[in-house]
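Student: just to be clear, the model below is a prediction. Sequence and coordinates:
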There are 2 protein chains.
Amino acid sequence: MKRLLTTLATTLLALPVVAAVSETSLPGADSPTIQPDRSITFKLKAPDARSVQLMGGDGLGAVPFNMTRGSDGIWTVTTPPAVPGFHYHWFVVDGTLRLNDPATHTYIGYSLETSGVEVPEPGADYYSIQNVPHGSVRDQWYYSKSTGQWRHARVYTPPGYDQNPKTRFPVLYLQHGRGEDETGWTRQGRAQFILDNLIAAGKAQPMVVVMDRGYASKDLSPDTLQGVRAAFTAFEGVLIQELIPTIDTTYRTLSDRDHRAMAGLSMGGMQTLFITLRHPETFAYIASLSGPIAADLTGNRSVDQGFHDPFDSKLAYEGAFANAASFNRKYKLLWLGVGSAEPAVFRDSIGGAVRTLQAAGVKLVYFESPGTAHEWQTWRRDLNDLVPRLFR
Amino acid sequence: MKRLLTTLATTLLALPVVAAVSETSLPGADSPTIQPDRSITFKLKAPDARSVQLMGGDGLGAVPFNMTRGSDGIWTVTTPPAVPGFHYHWFVVDGTLRLNDPATHTYIGYSLETSGVEVPEPGADYYSIQNVPHGSVRDQWYYSKSTGQWRHARVYTPPGYDQNPKTRFPVLYLQHGRGEDETGWTRQGRAQFILDNLIAAGKAQPMVVVMDRGYASKDLSPDTLQGVRAAFTAFEGVLIQELIPTIDTTYRTLSDRDHRAMAGLSMGGMQTLFITLRHPETFAYIASLSGPIAADLTGNRSVDQGFHDPFDSKLAYEGAFANAASFNRKYKLLWLGVGSAEPAVFRDSIGGAVRTLQAAGVKLVYFESPGTAHEWQTWRRDLNDLVPRLFR
């Protein structure tokens, strides 16, 4: 009984007991607030609106939520308890007008500037800034001949990079998803703090992480699988012929394949499989986070149709998996992950490919994030599991 | 006649002849568009709105501009020719609802995420990214004991910083204005490209530039001069006791006063004068860009009242200017600037102080940006004039 009470008391003490303003809020803002049960209260001053609804991404709940007008012209709503992590949100006024939350910072999502709210996960401090040595995140501009444009990547250099000017480091290329950009992994994903904490704990090798913009063609959101292949091929050219040489001449990298990894989330995961499996001379480590595993990027079928193709380990990715023993010798890691609450199109595509590959003898790591959907908390957990497995 | 025609043809060729989408627009967006005469066309889809107005900052014109509804529910307006440079803008729907432009990126301004438009200045390429060696802009996190918070600064390291691991560099501390933050100088101001271009042309010394967050107290916008002084004192503590030691241990700096400058715009200019004049042991170079020159930061008078105080060179800033010869020996540069189209409160305050200081024998550089107001084009020009004068 005493032990039960102690456990209960410890649990209660670990839970937040007062509402807190979201970490994503602008300085001085008092909204949105997260309650101890992880329900979230949003507000918007719109005295002349006829209706206001709250919209948002996976993890926020069953949007839209209708908001209620107070006598002061401020509309409010409190959601049911939300999944921990980062969630996009916005308001819809009078049925059609999309409006960001004036109380928060915005983030590139849905190909727009979009508001976000951060729901703490009790006990999870692996993505918090802590009192450990910090790496540096840098803006890297480079001119791309193939696109005729200046491109922008974000580059993480690990703690000690500046202090040890003769040490060279392995490199992880880490890609965002559709509708997001090269700022997603550091702003929404907090990749730099995940790396800092893993390196400080001795769980991961110090490494450089390159987060580039995943678009290199004019068609940002192709509708057909053929269109997707064309877009990925354009990005493949930028990555292999322009970005990697830029990184290897600008930073102190280990520039052989055994010290180069690629990972990406969603669209970035699809790009990772597409590119790394065509370039075994360039990459030894492969990770796809919530990336639908497309069997065949050809033809005018819709992207959605392609995601429902059964995965054939002999034919997929130009036969890269056809000989399991050869694949297992060639690559040092194949890592595939999905959130347990993701929509069926992701779980079925990834789960089906994992079962087929394992049955064929392909060695892989499969990671399932419990209770999270197609959202950043899944990808933070993924990165935290993945990074310690690289460059061992 | 032939020469006249050639000149005319050359001039015409140098002008843009078709409307161009703003450089601040999101990928794929077709708005706002800038016409060859620098008028700007904005649009917003709001089929159910009863009225839509365009609002914006200095340089955009005589806001508000009423927008006109098309049969497709898209509201549009074309402004008169705008001042070149970066301008904040937003929409007001039905008289009260503030809405960002869904077509553009947003920037921290007015203490909010705020849309922005970029109007090219013909012939001005000093703030464009060019085919020259580029420095790097890094995120620098540091724990601040005095505020109990992790703080974030942006740090520019010049081209060659990584390649010459024994070279040490002078440092410019460069501050934003009220309602903006540590991201302003690189996102709105393009300071990194101004530095890159000046260094490549041999016009400026390679230097580290530190852009910190200018708030260190809970009161972000004090109403009284006493409140301003308290806020500045809190930031002074962070800068002198926490930030500078962090920078000098993290980066390869020349850490004596003769290799340290401070500059700021508007509120940042006021902070610069307040801090550098109290710390001659720390700074040898001083620049205030569009910063009202407050005579006396004491008492419960409003900020606006203080800005109209006559400037007394004997009493101002605790007597720092009282002995002109001593001041001239102590500091290597005092740089003061203002835009010719700024509101009277800035022109009178800065102009009055310049005349009084010059009459008293204080050596200074005065720079007036023609035709620009309290806006980023003024501060880009300021930085381009200032940086070549530092560390000579």
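Tutor: Perfect, thanks for sending it.
Student: hang on, residue A:261 in a strand?
Tutor: Yes. Going by DSSP: H, G, I helix; E, B strand; the rest coil, the assignment for residue A:261 places it inside a strand.
Student: how about it: what's its closest non-neighbour residue?
Tutor: Leaving aside its chain neighbours, residue A:261 sits nearest to residue A:285 (3.4 Å; criterion: CB to CB, 6 or more residues apart in numbering or on different chains). Heads up, the C-betas are built off the backbone N, CA and C, glycines and all.
Student: before we move on, what about residue A:187?
Tutor: Per CB to CB, 6+ apart, closest to residue A:187 is residue A:107, 5.6 Å.
Student: so what strands line up beside the host helix or strand of the one you found?
Tutor: Residue A:107 belongs to strand A:106-109 when assigned by DSSP states H and E. Take DSSP bridges as the rule and strand A:106-109 pairs in its sheet with strand A:112-119 (antiparallel).
Student: and residue A:302, how far from chain B?
Tutor: 20 Å (CB to the nearest CB, to the nearest Å).
Student: let me fix that, I meant to ask about residue A:120.
Tutor: As for residue A:120, its distance to chain B is 16 Å (criterion: CB to the nearest CB).
Student: I'd guessed that residue sits against residue A:82; true?
Tutor: No. Using CB atoms under 8 Å, residue A:120 is not in contact with residue A:82, being 10.7 Å away.
Student: contact partners for the residue nearest to residue A:187?
Tutor: A:88, A:113, A:114, A:115, A:116, A:183, A:184, A:187, A:188 (CB atoms under 8 Å, 6 or more residues apart in numbering or on different chains).
Student: surely the first one and residue A:115 touch.
Tutor: Just to be clear, that refers to residue A:88. Yes. Using CB under 8 Å, residue A:88 is in contact with residue A:115, at 6.9 Å.
Student: who's more crowded, those two?
Tutor: residue A:115 (27 against 24; other CB atoms under 10 Å in any protein chain shown).
Student: how close does the residue nearest to the more buried one when sequence neighbours are not counted sit to residue A:26?
Tutor: Of all residues not flanking residue A:115 in the chain, residue A:101 sits nearest, at 3.9 Å (CB to CB, 6+ apart). Going from residue A:101 to residue A:26 by CB to CB, to the nearest Å gives 10 Å.
Student: of these two, which one has the most company?
Tutor: Neighbour totals were compared for residue A:101 and residue A:26, and residue A:101 leads with 27 against 20 (other CB under 10 Å).
Student: ramachandran angles for the more buried one?
Tutor: phi -80, psi 110 (degrees, to the nearest 10).
Student: check what pLDDT it gets.
Tutor: Note on residue A:101: pLDDT of 98.
Student: for it, what are its contacts?
Tutor: Contacts of residue A:101 (CB under 8 Å, 6+ apart): A:31, A:32, A:42, A:44, A:89, A:90, A:91, A:115.
Student: swap in residue A:232?
Tutor: Taking CB under 8 Å, 6+ apart, one finds A:270, A:271, A:274, A:275, A:297 in contact with residue A:232.
Student: surely residue A:336 is in a strand?
Tutor: Yes. Residue A:336 forms part of a strand when assessed by three-state DSSP.
Student: mind checking the SS state of residue A:126?
Tutor: Residue A:126 ends up coil, using three-state DSSP.
Student: could you find the closest non-adjacent residue to whichever residue of chain A sits closest to chain B?
Tutor: Going by CB to the nearest CB, chain B is nearest to residue A:165 of chain A, at 3.8 Å. Setting aside the residues directly before and after it, residue A:165 is nearest to residue B:165 in space (CB to CB, 6+ apart), at 3.8 Å.
Student: over to residue A:80?
Tutor: Spatial nearest neighbour of residue A:80, excluding adjacent residues (CB to CB, 6+ apart): residue A:61 at 5.2 Å.
Student: which strand or helix spans that neighbour?
Tutor: Per DSSP H and E, there is no helix or strand for residue A:61.
Student: residue A:46 versus that one, what's the distance?
Tutor: Counting by CB to CB, the gap from residue A:61 to residue A:46 is 21 Å.
Student: which one's more surrounded, these two?
Tutor: A direct count of neighbours by other CB under 10 Å for residue A:61 and residue A:46 places residue A:46 higher, at 24 against 16.
Student: stretch A:96-114: which residues count as buried?
Tutor: For stretch A:96-114, a neighbour-count test (16 or more other CB atoms under 10 Å in any protein chain shown) marks A:97-109, A:111-114 as buried.
Student: how about the residues of the stretch 251-392 of chain A by chain B?
Tutor: A:251, A:252 (CB under 8 Å from any CB of the partner chain).
Student: strands of the stretch 251-392 of chain A, start to end?
Tutor: For the stretch 251-392 of chain A, strands defined by DSSP state E, counting those that start in this stretch occupy the ranges A:260-265, A:285-289, A:333-339, A:365-369.
Student: can you add mean pLDDT and give these back as JSON lines?
Tutor: Formatted as JSON lines, those follow (pLDDT from 0 to 100):
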{"stretch": "strand A:260-265", "mean pLDDT": "98"}
{"stretch": "strand A:285-289", "mean pLDDT": "98"}
{"stretch": "strand A:333-339", "mean pLDDT": "98"}
{"stretch": "strand A:365-369", "mean pLDDT": "98"}
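Student: checking residue A:244 next. Helix, strand or coil?
Tutor: Following three-state DSSP, residue A:244 is assigned to helix.
Student: who are the packing partners of the top helix by length along chain A?
Tutor: Taking DSSP state H as the criterion, chain A has its longest helix at helix A:344-359. In terms of contacts (3 or more CB pairs under 8 Å, 6 or more residues apart in numbering or on different chains; DSSP states H and E), helix A:344-359 is packed against helix A:303-307, strand A:333-339.
Student: quick one, strands of the stretch 51-200 of chain A?
Tutor: Using DSSP E, counting those that start in this stretch, strands in the stretch 51-200 of chain A cover A:52-56, A:65-66, A:68-69, A:74-78, A:85-93, A:97-99, A:106-109, A:112-119, A:136-144, A:149-157, A:171-175.
Student: which of those sits most buried?
Tutor: strand A:171-175 (a mean of 28; mean count of other CB atoms under 10 Å in any protein chain shown).
Student: who does that strand pair up with?
Tutor: strand A:208-211 (parallel), strand A:260-265 (parallel).
Student: re earlier: now, the contacts of residue A:232 that are in helices?
Tutor: Per DSSP H, the subset of these in helices is A:270, A:271, A:274, A:275.
Student: nearest to residue B:291, of the strands paired with strand A:171-175?
Tutor: Closest of the strands paired with strand A:171-175 to residue B:291 is strand A:208-211, at 36.4 Å (criterion: CB to CB).
Student: average model confidence for that closest one?
Tutor: Average pLDDT, strand A:208-211: 98.
Student: check which element follows that strand along the chain.
Tutor: Assigned by DSSP H and E, the successor of strand A:208-211 is helix A:225-237.
Student: okay, angle between that following helix and strand A:171-175 too, please.
Tutor: Orientation of helix A:225-237 against strand A:171-175 (axes from the mean of the first three to the mean of the last three CA atoms, to 10 degrees) gives an angle of 150 degrees.
Student: got the buried residues for helix A:225-237?
Tutor: Neighbour-count burial for helix A:225-237 [16+ other CB under 10 Å]: A:225, A:227, A:228, A:229, A:231, A:232, A:234, A:235, A:236, A:237.
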